[in-house]
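J.: Build me a structure from this.
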Amino acid sequence: MSLTIHRNGDRPTRSAPEKWFTGQVWMTPIIETPAPAALRTLSVTFTPGARTAWHTHPLGQTLYVTAGQGLVALEGEAPQVIRPGDTVYIAPGIRHWHGAGPDTSMTHIAMQEERDGESTDWEEHVSDADYGRQPA
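T.: The predicted structure follows:
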């Protein structure tokens, strides 16, 4: 097939798995490209205080913030504030987390490629102490 159109509402928004997220998070699929392409893209909305677990991506990840104000942090570093229009690139294999600020929701488009059918390696939940660090 050379052209695919996914109509708005064709793919439902779903609650993100508690296994990989803290707080209320909503995920709306944008695209999972057919092989040989390997792009997986989602719109993700985090309610205040919600965040991912620690994770890595075998081929890296790009985030594009569309609404609200959020946080992103690499292991061992203070979180950084991200706002609408910001684009964040996390290199392959770098342990990180991202989510909403403590008092604000945040929506971003998350883009990552799959390698051998996997786009994300999930780890443990981010502690309140790590989440609560003063942003850089």
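J.: What's opposite the residue nearest the centre of the chain in the beta bridge?
T.: Closest residue to the average C-alpha location of the chain: A110 at 4.9 Å, with C-alpha atoms, centre = their mean. In this structure, A110 has beta-bridge partners L42, L63, where bridges are defined by DSSP bridges.
J.: which ones are touching it?
T.: If a contact means C-beta atoms under 8 Å, 6 or more residues apart in numbering, then A110 has T41, L42, S43, V44, Q61, T62, L63 as its contacts. To be clear about C-beta, it is placed using only N, CA and C from the backbone, and glycine gets the same treatment.
J.: For these, name the two members farthest from one another.
T.: For the contacts of A110, the maximum inter-member distance is 14.3 Å, found between S43 and Q61 (C-beta to C-beta).
J.: more crowded one of those two?
T.: Under the criterion of other C-beta atoms under 10 Å, the comparison of S43 against Q61 puts Q61 first, with 23 against 17.
J.: State the distance from T107 to T66.
T.: Taking C-beta to C-beta, to the nearest Å as the measure, T107 falls 5 Å from T66.
J.: Over to Y89?
T.: From Y89 over to T66 the distance is 16 Å, taken as C-beta to C-beta.
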